[in-house]
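Asker: Output the structure for:
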Amino acid sequence: MYIHLGGEKIIRTSQLVAIFDISIEQSSKLSRQFVVHAQKNKEVETIGEEDHKSIVVTENKVYYSPISTSTLKKRAHYLDG
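Answerer: Numbers count the residues shown, from 1 in each chain. Predicted structure coming up:
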């Protein structure tokens, strides 16, 4: 199965590790360090031109998505059930 992250980006649900609200970057030092490390390794992709609402972590990349965490989680659970 697949999940649409916004724009033209679709990933396999089997690659999905976590979905976080964008605010976690400011509220958690560990989360910020994780994203900075991923950026250094060129493992971060920004989807679209809109404001980012969520961070999607997969096995190989970190995505900044313009879709809210609640919408993405609903899509992921819809595919699960």
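Asker: how about the strands of this structure, start to end?
Answerer: For the chain, the strands defined by DSSP state E cover 2-6, 9-12, 16-21, 44-46, 54-58, 62-65.
Asker: Tell me which of these lies nearest to residue 36.
Answerer: Across the strands of the chain, residue 36 has its closest neighbour in strand 44-46 (9.3 Å, Cβ to Cβ). Just so you know, the C-beta spots here come from the backbone N, C-alpha and C atoms, and that holds for glycine as well.
Asker: mind listing what the closest one pairs with, with the direction of each?
Answerer: Using DSSP bridges, the strands paired with strand 44-46 are strand 62-65 (parallel).
Asker: Nearest to the spatial middle of the chain, which residue is it?
Answerer: When Cα atoms, centre = their mean is applied to the chain, the residue found nearest the centroid is residue 56 (1.3 Å).
Asker: and the gap between residue 62 and residue 28?
Answerer: Residue 62 sits at a distance of 14 Å from residue 28 (criterion: Cβ to Cβ, to the nearest Å).
Asker: Name the residue in those two with the higher neighbour count.
Answerer: Set side by side, residue 62 and residue 28 show more neighbours around residue 62, with 21 against 13, by other Cβ atoms under 10 Å.
Asker: any chance of the strands of the chain in JSON lines, with mean pLDDT and distance to residue 37 too?
Answerer: Shown next, in JSON lines, are the strands of the chain (pLDDT from 0 to 100; distance: least, Cβ to Cβ, whole Å):
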{"stretch": "strand 2-6", "mean pLDDT": "93", "distance to residue 37": "21"}
{"stretch": "strand 9-12", "mean pLDDT": "94", "distance to residue 37": "20"}
{"stretch": "strand 16-21", "mean pLDDT": "93", "distance to residue 37": "15"}
{"stretch": "strand 44-46", "mean pLDDT": "96", "distance to residue 37": "10"}
{"stretch": "strand 54-58", "mean pLDDT": "96", "distance to residue 37": "12"}
{"stretch": "strand 62-65", "mean pLDDT": "97", "distance to residue 37": "9"}
